[in-house]
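>>> here's my sequence, what's the structure:
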Amino acid sequence: MFFATYPYLLAATGFSLLWLVTFFAIPKTYWKEMLQVSLVTMILGHFVEQMHFVDWWHPRFIVNAPITIEDTLFGFSAGGSMYALYILWKDNFQIKQHFLFTLRQKITLASLSLFSLFGLFYLFHFRSFWSSLISLFIPVLAVGVYERRLLLPTFLTGISVTVIAFLGYLLTIYLDPGFVSQTYILSDLSGILVLGIPIEELFWFFFAGMGIAAFSVISNSD
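Numbering: from 1, shown residues only. Coordinates of the predicted model:
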């Protein structure tokens, strides 16, 4: 089966479908920002993937190239979908944002997150798992300090993304029982598996969902 051979493409395709569903589920006023988030995470994802190759995983690609179809699709669709899920949760609770971050605060937080992501990995030799989580937690912490009412939809976004990813992994393992052992560098991870899924993956999706949601709060200028 094609997707059993290329499970990363299956994940990228799944998130692409989720992107389409959530794009049309949110009000049109958010479409432009969702596209912007998708483009940013797509570009950033290519650089982050180079870190994950070192100590996280080695997925199978249709074509091995510096820029792959899977990374492009996943980076674009996952980030945008997380943003849309946050908007849906926020609007569901009808929570209005009162505090607006200044340009200086936005630049400072973005710089801290980027340094945590790349600097901790390349300069201080942190595992890419920890540098990623610290980077994603910084905007969440900022929202907790300045606009804590929005922590609820932020948290629920993380939970939603994790559940979606969890179900996707179960499908992938069903299609290819050897997927995890063949793909992940388990010797560099904790070795803890949840129904066969590396726990780092679940933590990453949880923090990624919250991080994208929190950055949406920070970037809001309305």
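>>> now the strands for this structure?
In the chain, the strands defined using DSSP state E lie at 193-194, 197-198.
>>> note down every partner strand of the last one and its orientation.
Looking back up the chat, that one is strand 197-198. Paired neighbours of strand 197-198 in the sheet (DSSP bridges): strand 193-194 (antiparallel).
>>> to Trp31, which of the strands of the chain lies closest?
strand 197-198 (32.7 Å; C-beta to C-beta). Where C-beta positions appear, they are placed from N, C-alpha and C, glycine not excepted.
>>> so, low pLDDT: which residues of this protein?
1, 221-222 (pLDDT under 70).
>>> to what extent is Phe124 buried, counted in neighbours?
Residues lying near Phe124 (other C-beta atoms under 10 Å) number 8.
>>> over to Ile107?
11.
>>> please apply the same query to the one 5 residues further on.
Leu112 sits with 17 neighbouring residues when counted by other C-beta under 10 Å.
>>> offset the numbering so it begins at 54, please.
Will do, 54 is the new start, and the previous item becomes Leu165.
>>> returning to what we had before: okay, the strands of the chain, which one's buried deepest?
Each of the strands of the chain was scored by mean neighbour count; the highest is strand 250-251, a mean of 22, by mean count of other C-beta atoms under 10 Å.
>>> contacts for it?
Residues from elsewhere that reach strand 250-251 (C-beta atoms under 8 Å, 6 or more residues apart in numbering): Phe219, Tyr222, Leu223, Ile226, Val233, Tyr237, Leu239, Leu242, Ser243, Ile245.
>>> swap in 6 Å and give it another go.
Tyr222, Tyr237, Leu242 (C-beta atoms under 6 Å, 6 or more residues apart in numbering).
>>> how far off centre is it?
How far strand 250-251 lies from its chain's middle: 16 Å, per C-alpha atoms, centre = their mean, to the nearest Å.
>>> tell me how far Ile212 lies from Gln103.
Between Ile212 and Gln103 the computed distance is 29 Å (C-beta to C-beta, to the nearest Å).
>>> what does Phe168 give?
For Phe168, the distance to Gln103 - C-beta to C-beta - is 17 Å.
>>> for this protein, just list every one of the helices.
55-58, 60-78, 84-108, 122-146, 156-167, 173-175, 181-199, 204-228, 232-236, 252-272 (DSSP state H).
>>> which of those sits closest to Phe114?
It's helix 122-146; of the helices of the chain, that one is closest to Phe114 (C-beta to C-beta) at 5.7 Å.
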